[in-house]
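Novice: here is my input; please provide its structure:
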Amino acid sequence: MCYIKRIGVLLVGLALSGCQVKQETVGTEKLSADEIVGLFEGKTVESFNLISGSTSFTYYHPDGRVMQERYWEKRKGAWKINEKGEMCLAMEGKPFSCRSIYREGIKLYKFRLDTEGQPEKIIRYRQFIDGRVLDN
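Specialist: You can find the predicted model right below:
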């Protein structure tokens, strides 16, 4: 009898774990160009790089310039929204790199495609502060 109960508990656990995986993808919504502009323009944004573990603060000037502080270093660049509705950044003379931004519940993430062409979270946006709080 105990053997049958253990198998039943194991099957229920496997079924529930499968449900949890599906719930992670429910509610993922790509932000529109207008939503991105509304969130970023004229704001200092704290972002966390999920790959490197670094935090940066970036001011998105309404004229397309960006000022960023990361690893206690300051750098400058440009930002824009492309025709696909992606956020594009070009830092210190490098070409623009464009990525989609998605909302998952109350969290916002920047995604890129991994080596297999699957979406991968790379940046979590933590907070949006009105105005320029950086001194560069």
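
Novice: what are the ranges of the strands in this protein?
Specialist: Secondary structure of the chain (DSSP state E): strands located at 28-30, 43-49, 55-60, 65-70, 73-81, 87-91, 97-104, 107-113, 119-130.

Novice: mean neighbour count, those: which tops it?
Specialist: strand 55-60 (a mean of 20; mean count of other C-beta atoms under 10 Å). C-betas here are computed from N, CA, C, even on glycine.

Novice: so what secondary structure elements neighbour it?
Specialist: strand 43-49, strand 65-70 (3 or more C-beta pairs under 8 Å, 6 or more residues apart in numbering; DSSP states H and E).

Novice: which one of the ones you listed lies nearest to Lys110?
Specialist: strand 43-49 (7.7 Å; C-beta to C-beta).

Novice: residues in contact with the spatially most central residue of the chain?
Specialist: Closest to where the C-alpha atoms of the chain average out (C-alpha atoms, centre = their mean) is Tyr109, at 1.9 Å. Applying C-beta atoms under 8 Å, 6 or more residues apart in numbering to Tyr109 gives the contacts Ile101, Tyr102, Arg103, Lys121, Ile122, Ile123, Arg124, Tyr125.

Novice: quick one: the residues you listed as JSON lines, columns for pLDDT too.
Specialist: JSON lines is the format used below for the contacts of Tyr109 (pLDDT from 0 to 100):
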{"residue": "Ile101", "pLDDT": "96"}
{"residue": "Tyr102", "pLDDT": "95"}
{"residue": "Arg103", "pLDDT": "95"}
{"residue": "Lys121", "pLDDT": "93"}
{"residue": "Ile122", "pLDDT": "94"}
{"residue": "Ile123", "pLDDT": "96"}
{"residue": "Arg124", "pLDDT": "97"}
{"residue": "Tyr125", "pLDDT": "97"}
